[in-house]
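> whatever this is, show me its structure:
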Amino acid sequence: MAISRQPALSPEELDQLETVWKAPGLVATLISVFCAFGGWSLLLPVIPLAVIQQGGSDSLAGLSTGVFMGATVITQAFTPWVIKRVGFPAVMAFAGLMLGLPAVFYVVDMSAVPLLVVAVIRGIGFGAVTVAEAALIAELVPPRMMGNSSAALGVSVGLSQLLSFPLGLWLLNAHGEAVVFVTAAVYASVGAAAAYWIPYRSRAQLQQARRSQAAPSISDATSDQIIHGPQAHPPQAATWKLAAVPGLAIGAIATGFAAFSTFLAPAVEEVDVSIAALVSAAGLSVLGGLQMLGRVLAGRVASRSGQAGRLAATGLGFGIAGLLTGGAVITFADGGLVLVIGAFAAAGLFGLGFGIVQNEALLMLFERLPREKTTLASALWNMTFDSGTGIGAVVLGMVAGVLAYYQTFWIAACIVAVALLAVITDGIIGRRRQWEHNNMAHQLRAVRQRVRAPRMDREH
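Numbers count the residues shown, from 1 in each chain. Sure thing, here's the model as predicted:
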């Protein structure tokens, strides 16, 4: 079922790449990612606000996001299986269309049942595209470039959010809901078309095919013996243990993102309706821009150090600071310039931390799990990410309905603080809980070993 015209390079050819931009299919992947997250960002703050403006409750607004994310998480669990059978291009094309096109139905009806049904359909598309794109940035490049490809993904996601968060709210206020939903459909169509240039067979699939056709090479066996000794396959830790800490980190900070994306607009509107549209739109744009910066920073540090997770605690700290600031601004600001500056500061702090944690958690999963489980690592990352966003939207929606908007930000800060404690603890006692066979850390050590060997020969 291959729909791609882009040939895939062999593992040997990929290892010879000098820059990530020469990896076949990476640019097409980034375009598809830009469109997918652009359509998602366009609608994420618009749909809850439109529900409330049409007389719906805060709980229904939060439930629309929660149902969307619930369908997303369920789909993510099955996406690795689907990718193995139909390939990346088909998944990316189908997912892109499902994410944006059904939103056009909101032009006709936004009552509770149609709202939630379309949310489920869009969630299926988002679940598939998030797993596929996160796996592709690891599959299309050699391990030594994974940090840079992850940074490139962060730029694509960040730019789309930087433009689309304010664009959606501006279109809503200037031209109405119908224009927003049609624009989301355009995003979806362009992203689906870009999938045509993504390679059908991934690096992992090519390696598996090669191993099935030939015995392990002497160099591979020697590399395993150098690193691990005579034992070819050392004991393997349970996957849930390896994924628990990075999963908790991204899931917790995604709860904070739910506070900003779902309730910043109505919270600001409650404080000062005259500048609500400007503050909420620009605030989310600031969040997206600093998120992009955070992902690039974390990716560069990981590429230079060869170690994932070094900035995870720092990122969570920034996230907590942003949420506390957001809650304080909504509580004490009366409007005007103080509200504008405070909202921008809160969004900026949180966005920087959010971007750092996104990148670090993904690279930690890639580092800890075997190379052939790249799509599983991507699925786990996305499932915890979107579970945090969805559950956070529902729970915080209930908090907003019973208590107040500012308390949603403070409760989210407490959840992120729990993740920060777990990351710090893991950094002290959990560094050895990882697969030691054929994961990213293993391969990077093998590369360093091969580089050192000629130097040692010359010295002797």
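
> tell me the spacing between Ile341 and Ala347.
Computed as Cβ to Cβ, to the nearest Å, the Ile341 to Ala347 distance reads 11 Å. Where C-beta positions appear, they are placed from N, C-alpha and C, glycine not excepted.

> likewise Val113?
Taking Cβ to Cβ, one finds Val113 at 33 Å from Ala347.

> who's more crowded, Ile341 and Ala347?
Higher neighbour count among Ile341 and Ala347: Ala347, with 30 against 13, using other Cβ atoms under 10 Å.

> roughly how far out does the helix or strand where Leu363 lies sit from the chain middle?
Per DSSP states H and E, Leu363 falls inside helix 336-368. Its chain's average C-alpha position is 12 Å from that of helix 336-368, according to Cα atoms, centre = their mean, to the nearest Å.

> in it, what's buried?
Using 16 or more other Cβ atoms under 10 Å as the test for burial, helix 336-368 gives 339-340, 342-368.

> ok, then the element right after that helix?
helix 374-402.

> quick one: that following helix to helix 336-368, angle?
150 degrees (axes from the mean of the first three to the mean of the last three Cα atoms, to 10 degrees).

> change the start of the numbering to 55 and stick with it
Sure thing, new numbering starts at 55, so read that last one as helix 428-456.

> helices or strands up against helix 428-456?
Packing partners of helix 428-456 (3 or more Cβ pairs under 8 Å, 6 or more residues apart in numbering; DSSP states H and E): helix 112-140, helix 166-193, helix 293-325, helix 390-422, helix 459-483.

> okay, buried residues for it please.
Neighbour-count burial for helix 428-456 [16+ other Cβ under 10 Å]: 428-451, 453-454.

> repeat for stretch 127-143
Neighbour count says stretch 127-143 has Val127, Thr129, Gln130, Thr133, Pro134, Val136, Ile137, Gly141, Phe142, Pro143 buried, by 16+ other Cβ under 10 Å.

> and that stretch, how far out from the chain's middle?
16 Å.

> could I get the buried residues of stretch 127-143 as CSV with distance to Arg364 and pLDDT?
Formatted as CSV, the buried residues of stretch 127-143 follow (distance: Cβ to Cβ, whole Å; pLDDT from 0 to 100):
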residue, distance to Arg364, pLDDT
Val127, 28, 83
Thr129, 32, 91
Gln130, 27, 85
Thr133, 29, 88
Pro134, 28, 86
Val136, 34, 90
Ile137, 30, 88
Gly141, 34, 85
Phe142, 30, 87
Pro143, 34, 88
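
> and which of these is nearest Leu475?
Checking the buried residues of stretch 127-143 against Leu475 with Cβ to Cβ, the nearest one is Val127 at 24.5 Å.

> distance of that closest one from Ile175?
15 Å.

> and Tyr241, by the same measure?
Counting by Cβ to Cβ, the gap from Tyr241 to Ile175 is 16 Å.

> what lies in contact with stretch 174-184?
86-87, 90, 94, 97, 121-130, 133, 136, 145-146, 148-154, 156-157, 242, 245, 432, 436, 439-440 (Cβ atoms under 8 Å, 6 or more residues apart in numbering).

> is it true that Ala366 touches Gln412?
No: in terms of Cβ atoms under 8 Å, Ala366 does not count as a neighbour of Gln412; the distance is 10.3 Å.
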